[in-house]
Each structure stands twice: as C-alpha cells, then as structure tokens.
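Asker: Sequence first, predicted model second:
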Amino acid sequence: MKPLSVPELLAKNRFALDEEESHIEVNQEVLKATGCGKAMVACCAAHVYTEESDGTLSVEYAACLECGTCLAVAAPGALKWHYPRGGFGIQFREG
Amino acid sequence: MPDEGEVDFDVIVVGAGIAGCVTAFQLAQQGRSVILIERGEAPGSKNLSGGVLYCRGMQKVFPDFLDEAPVERRITRNYINFLNAESSIGIDYKDSRLVEPVNAVTVLRAKLDPWLAEKCEEAGVFIMSSVRVDRVLTEDGATGKRVVGVQAGEDQLRAHVVVAADGVNSFIAQEVGLRTKPPLNHLATGVKCVVSLPRETIESRFNVTGDEGAAFAVVGDCTEGVGGGGFMYTNTDSISVGVVLRLDDLTAKEKVATEVFDHFLSHPFIAPYLEGGEVAEYGCHLVAEGGMAMVGEIAMDGLVVVGDAAGLTLNTGLTVRGMDLAVSSAVAAATGIGSALDKKDTSKVGLAGYREAFFASPAGQDMKTYAKAPGFLEVERMYQDYGELFGNVLYGVFNLDDKPREHLVKVALKAFRKSPVKIKHLITDGLAGVRAL
C-alpha cells in the first residue's frame, strides 16, 4: 500500500464543515511566551497547526479530527478548543 | 431533588457512545424517562476506537449481542510482537478455547454505535442528534453545587440526574470540577486508519477462517522507541491499523505523530499485511492511560460520569481495554441512578451506589489490580532495548555463518554486553512486571 500524505488521508473522510465558526482559537502571545506551538504541531494527526515564519501558529480547523490531543499538550491559556457545533465536523463512517 | 413537575426527563445522558447508550438503555428498561443527546449527525459519527471489545459484559446487557450487533470478527488469535528495525520476535497465541465462548470481537464504532442507539430507541429512549451540550445547569443546594440539567444552544433541559458520557475530553467533568487536566504521562494519542481488503485476503494473510480474527499488539521500533505501541486488528473486510503514543515521551523525543504512524505502516514486517489495500478512513483519539490514578470522583449532586469521561481505561501491556469498562461503568451507573431515583435522593450520597457497584464488578476490580501497570509501562527499555536484545540473541542462534556455534548462554551474554540492558534491569523490570501485571 503506498503511503498517503495527511491531506490524502483526510480526503478519505467525511466532514460537515462549519463555514461560519471555527472551534479552535490560538492565543498567539501565550503561545510564543510558552513555546508550546512545536508540540501542538508535532502531536496533531490531522496537521491542523502550522508554524509560520513569523513564529505564529496558523490553524486549519476544517481538518480537525476532534481528538483533543492539542489541548492536552498546549500550555494553559494558549488554546481555546471546544467541539464544533452540533452536526458539524468529522463524521466517521467506520470509526 | 427537584419536584417532578420541574424536570423534562428523569435522566439526561450526554454522549451516545458505548457508556452513554448502555446507561440510557438500562435506565429506559427500568421505566425511567431518558433523553440521549449526541453532538454528531447520528450516534457513532464522532466515535472511534482501536477496535477490540472484550464483549462478555455487553452480552449480559444484550443477550443476542454477537448474533445481532454489527461486530466484525471474533478474536481467536493474539499476536504479541517485539519489532526492531531489522527483526521481529513474536508470540503467536491462538486458542480454540477463545472461539467459544467468544471473549473479544473487533468493532467499528460508526457501525456499532448506531445499533446501540437503535436498541435505546426501542427501549423508549428519546435520542436527539446534532446537538452539542454547551454546559451543565447548576444550582446552589444544601450540600454545595448541584447539577440540575444541561444547556444546548438556546435550549435548557432539566432532569433529576445528568450522565456525562462525553468521552475522554469530558468538558462536563472538567466544568464541574470532577476532573482536572491530566499529566501528559497519563495520556496517549492514537492514530489509526482503516484499510479495506477483500475478506479472503485478510483470512489468508492472518491465518484465520470464517468470522475469526486476529489482534496484533506491537512494541518497539513500530513507535521509533516512543512509549506506546502499534496495533493491527482484523475487521470483516478491512484492517484497523495504527499507533498509540504516550504524550510525555512523544514530546520529549520531539517526534512527529504522523511520521511515527507512517513508519509503522511502511515497516517491512507490517507493510505486507496491508499490501493492495485502500485506506477507507483516517482518525485519531486521545487515550487516557493513567488507569486507577485517573479515576477520581465519579459522582456529585445530580451528576455521574461514565466510561472514558470518568478516565476508565486500562492498559495492561497485553490487553488494552476501554469499551468493556464503559459497559461496566454504565451498568453500575444505571443501578446507582435507579436506586437514587427510587429513594428520591439524587445527591452524591444518594448516587453512591454507582461507585460501589462499579468497583464491585470484575472490571472495577481489574482497575485496582492493575493500578501499578501504567508506571511499569513507562519503563523506557520496554520500547527498544529488550526487543533488540532478544533479536540479537536469536540472530546468534539462527545465523549459521560458517563459524563454530557457541552455547546459548555465551550467545546471550555477548548480546547482553552490547545492550544497554543490564542483568539488574532484567531483574528489577521482571519483578516490577510481576507485581504490576
């Protein structure tokens, strides 16, 4: 089986995208002060987080698989992460 | 307890996973009015597990579970594997006694959970999907804060008891102060994909027939030395394959989760099993691995916490359990809530029957028995050194390189000298293992 990139893997899933509201919010100042961005990038299986050249963290919330790992490794105050609104986000067909 | 007129339901269950569905089902069977609230489009659509359910408890709740429920395969072959970069050492345990009675089955939760929800509906549970509970409603009572219902968007619903079955991230348990953020060594991230393959291919590759299946548990190079392991479980016409990585170790070693996942799937000892397959789905899940240390208070006035939300997971190294504990906690919760409702006392004291019933159950006793397992599984040597050591000893035995052979003891001692593992480690880890497992 040929290895798939993360975007290719995510393309196999079904998402109900909430176009109005992101469920993830990064506090860039706390993030910079605590340096927890690297761990968030490394732990996220969906590659939701990308470290930009200016040191900020960009967020692709539409790819989120809603596991909560980023919240576990983020420093207190660096991340606001809740589940998407009802009916939105990842909808597993296998699980 | 609020007057009868003030509540919309006897019980509100938040989350239609295994714990939530089984709690709701049993309460409805007692004749209680129950609403089950699920944030996914349908029950199961947010739910993911590695895939093995130890099913005896479920069969007590649903006697026809194995015949009726959409389970995948019955596990009759357990393969425990030390994986090194160049070698693989395994214990292949197949046992006809595991065929009947069935002990474990593979499941795909987006298929299983809708069935559970259907059973709930048949029993009279009112199911509301696509609704996210934002917070619980509380009131100040005689003994402190009391949960009286939930808020979902504009809507408020009130009940005698709220059941938080909202999974490992349980925002409800955190909001009411029953759980704090766990330390990273008690958490792992599981990354998994489901790979479709024809069922005949699966049966021949995994050496199983009919609806029998195999469960592979792998440690070592599969995680590039990060604490945790790899797994491979056969479904009917797909394979669940992935890694579970302890977060303290993953971050300390500065590894990237998806790279470790790729490394495992493309490992020369794993890739042949997946050859020709097609990824059907990709997912991940946070795993609570603290065992007993993570289970704090599981009830307060007007609220109980069940399943993953209560931190009920058990990794003994050989078996990784969560779903069966969800069933056991749900059964205990339904008992405890039932007697609290009968007594008209749904305070923490009135709900104490839940905790008693859970820790009296086999699953609850196992939580205590394996209380030392998480600490033992943090021993660094488990994930690299031991596998390499065994590999080198066996290489010394089987590699007939045209030099005269040496006695096994000498071969082993040579391998030992090269390895960072010392005899004292073997003894201390061995003893710790015996005590913990």
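Answerer: Sure thing, it's come through.
Asker: who touches the residue nearest to the spatial centre of chain A in this structure?
Answerer: Residue closest to the mean C-alpha point of chain A, counted by CA atoms, centre = their mean, is residue A:48 at 3.4 Å. By CB atoms under 8 Å, 6 or more residues apart in numbering or on different chains, the contact set of residue A:48 is A:24, A:59-61, A:63-64, A:70. Backbone N, C-alpha and C define where each C-beta goes, glycine included.
Asker: list the helices and strands the helix or strand where residue B:365 lies packs on?
Answerer: Counting by DSSP states H and E, the element that carries residue B:365 is helix B:362-369. With contacts taken as 3 or more CB pairs under 8 Å, 6 or more residues apart in numbering or on different chains; DSSP states H and E, helix B:362-369 sits against helix B:323-343, helix B:352-360.
Asker: ok, the residue nearest to the centre of chain A to residue A:33 distance?
Answerer: 21 Å (CB to CB, to the nearest Å).
Asker: Could you do residue B:118 as well?
Answerer: 50 Å.
Asker: ok, now which ones touch the most centrally placed residue in chain B?
Answerer: Note on chain B: the residue nearest the mean C-alpha position is residue B:322, at 3.0 Å, using CA atoms, centre = their mean. Residue B:322 makes contacts with B:49, B:287, B:307-308, B:312-314, as judged by CB under 8 Å, 6+ apart.
Asker: out of those, which is most surrounded?
Answerer: When neighbours are counted by other CB atoms under 10 Å in any protein chain shown, residue B:307 leads these with 32 neighbours.
Asker: pLDDT at that one, what is it?
Answerer: Residue B:307 is assigned 96 on the pLDDT scale.
Asker: wait, doesn't it sit right on residue B:18?
Answerer: Yes - contact status for residue B:307 versus residue B:18: in contact at 6.5 Å, counting by CB atoms under 8 Å.
Asker: Common neighbours of these two, please.
Answerer: By CB under 8 Å, 6+ apart, the residues touching both residue B:307 and residue B:18 are B:326, B:330.
Asker: near chain B, which residues of chain A?
Answerer: A:1, A:3-4, A:6, A:9-10, A:12-13, A:16, A:38-39, A:41-47, A:65-69, A:71-73, A:82-87, A:89-95 (CB under 8 Å from any CB of the partner chain).
Asker: Among those residues, which lie within strands?
Answerer: A:16, A:89-90 (DSSP state E).
Asker: okay if I get those residues as JSON lines plus pLDDT, distance to residue B:415 and neighbour count?
Answerer: Below are those laid out as JSON lines (pLDDT from 0 to 100; distance: CB to CB, whole Å; neighbours: other CB atoms under 10 Å in any protein chain shown):
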{"residue": "A:16", "pLDDT": "97", "distance to residue B:415": "54", "neighbour count": "15"}
{"residue": "A:89", "pLDDT": "98", "distance to residue B:415": "50", "neighbour count": "24"}
{"residue": "A:90", "pLDDT": "98", "distance to residue B:415": "46", "neighbour count": "25"}
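Asker: okay, the residues you listed in CSV with distance to residue B:417 next?
Answerer: What follows is those, written out as CSV (distance: CB to CB, whole Å):
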residue, distance to residue B:417
A:16, 59
A:89, 54
A:90, 50
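Asker: and residue 12, how many residues sit next to it?
Answerer: This is for chain A. Neighbour tally, residue A:12, other CB under 10 Å: 17.
Asker: To clarify, I was referring to chain B.
Answerer: Per other CB under 10 Å, the neighbour tally for residue B:12 reads 30.
Asker: Surely it is in a strand?
Answerer: Yes - using DSSP: H, G, I helix; E, B strand; the rest coil, the secondary structure at residue B:12 is a strand.
Asker: hang on, it packs against residue B:165?
Answerer: No - contact between residue B:12 and residue B:165 fails when scored by CB under 8 Å: they sit 10.4 Å apart.
Asker: Need the winner for burial among the helices and strands packed on helix B:362-369.
Answerer: Sort the helices and strands packed on helix B:362-369 by mean neighbour count, taking mean count of other CB atoms under 10 Å in any protein chain shown, and helix B:323-343 sits at the top with a mean of 25.
Asker: Report the distance from that helix to the chain centre.
Answerer: Distance of helix B:323-343 from its chain centroid, counting by CA atoms, centre = their mean, to the nearest Å, is 19 Å.
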